[in-house]
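In: Pasting the sequence and the predicted model now:
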Amino acid sequence: MNEAEAARPTHSAADRIRETAKWLIASFAAVGTILVAGTQLSSIGSLNASDARFWVALAGVVAALTAVVIAIDKVVDVLVTPPLSMKALAEPGSGDAVTQAVRTKIADDHALVIDGDLSRLYKDYTLAAKQSRTSYDAWRAAPTAANLTAAQLDDGRLTTLDGSVQNVLAVATLLQLSETFRVTKRWIVGATVIAAAGIVVFAAAANPRKPAGPAAVVVGSTVTFAPSKTAWPVIKPRVGPACRTTKFRAVALGTAGSGVDLVTVPGNGCEPVRITVTPTMGSIRLAG
């Protein structure tokens, strides 16, 4: 098996990591597209800037889109990771955390690098390349049998060392991508959580539960009545001074034009009252 065949599994594994990164980018891009489309299909247009729900919905969609952009940016780092050079691997203590982690793992594999000495391998390879070129130049200048033999020996040594270097670089590429992807996964998980939370906040704020209108209220059904600020001063004296709530459970008696005729259920120190609730007096929701 030659060096190219030996390195093929590592190249295939590295390609699989890159393909996974491409799918993640496509997935996050699709989420971003859905979010943008959702802002047009939701009820956010019915809200105005003075409504707190508008700003909550806006904050939710901005947080989600920002998380998507960050996730895509981090995944792109996997695709555009520059390859490590033998020189970078041979310099102890240099490079970022990923480079140092890769260097340590390769140095620990003595079957890949004799004695785990990457600096020595790089030095031997560099010297062998220079010596091979010198021997070849000498043979060209004086094509004697002795010079030819020296050039062939030096070239053979360079070929052997080159095979070792190529194996090291193939493994380093795979380890580099794996380590970069491992670090990126933390960002992906965090961005996914933020994006999901942003989507939920956006959906809840942009599509609030609408109060039940007169047509949705069935006679005898239980509802929740929340008086408006303008109606509360009128209702408060009727429910009594001991009333400890501003939301009342009530039973619908019927509808009258644009209002709902209901009677509140006594409780929390509140006296029962009968009232016809119009949209200006407050909101009515069907009790769940």
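Out: Noted; the coordinates are in hand. Numbering: from 1, shown residues only.
In: isn't there a strand covering Thr245?
Out: No: judged by DSSP: H, G, I helix; E, B strand; the rest coil, Thr245 forms no part of a strand; its state is coil.
In: okay but it is in contact with Pro266, surely?
Out: No: at 11.3 Å, Thr245 and Pro266 do not qualify as touching, with contact defined as Cβ atoms under 8 Å. Every residue, glycine included, has its C-beta placed from N, CA and C.
In: What mean pLDDT does the strand ranked longest in the chain get?
Out: As assigned by DSSP state E, the longest strand anywhere in the chain is strand 248-256. In this model, strand 248-256 has an average pLDDT of 82.
In: What of stretch 84-101?
Out: 82.
In: now that stretch, how far from the centre of its chain.
Out: From the chain centre to the centre of stretch 84-101 is a distance of 28 Å (Cα atoms, centre = their mean, to the nearest Å).
In: Over to stretch 188-207?
Out: Using Cα atoms, centre = their mean, the offset of stretch 188-207 from its chain centre is 11 Å.
In: list the buried ones in it?
Out: 188, 191-192, 194-195, 198-199, 201-202, 205-207 (16 or more other Cβ atoms under 10 Å).
In: Include secondary structure when you put these into a markdown table, please.
Out: Formatted as a markdown table, these follow (three-state DSSP):
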| residue | secondary structure |
| --- | --- |
| Ile188 | helix |
| Ala191 | helix |
| Thr192 | helix |
| Ile194 | helix |
| Ala195 | helix |
| Gly198 | helix |
| Ile199 | helix |
| Val201 | helix |
| Phe202 | helix |
| Ala205 | helix |
| Ala206 | helix |
| Asn207 | coil |
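In: circling back: next SSE downstream of the longest strand of the chain?
Out: Next helix or strand after strand 248-256 toward the C-terminus (DSSP states H and E): strand 259-264.
In: Partner strands of that following strand and their direction?
Out: strand 248-256 (antiparallel), strand 274-277 (antiparallel) (DSSP bridges).
In: Pull up the gap between the residue nearest to Lys22 when sequence neighbours are not counted and Ile70, please.
Out: Spatial nearest neighbour of Lys22, excluding adjacent residues (Cβ to Cβ, 6 or more residues apart in numbering): Leu79 at 7.1 Å. Distance, Leu79 to Ile70, using Cβ to Cβ, to the nearest Å: 16 Å.
In: Now do the contacts for the spatially closest residue to Pro92 that is not a sequence neighbour.
Out: Once flanking residues are discounted, Pro92 sits nearest to Ser119: 7.0 Å by Cβ to Cβ, 6+ apart. Going by Cβ atoms under 8 Å, 6 or more residues apart in numbering, Ser119 touches 90-92.
In: sec struct for Ser119, please.
Out: Relying on three-state DSSP, one would call Ser119 helix.
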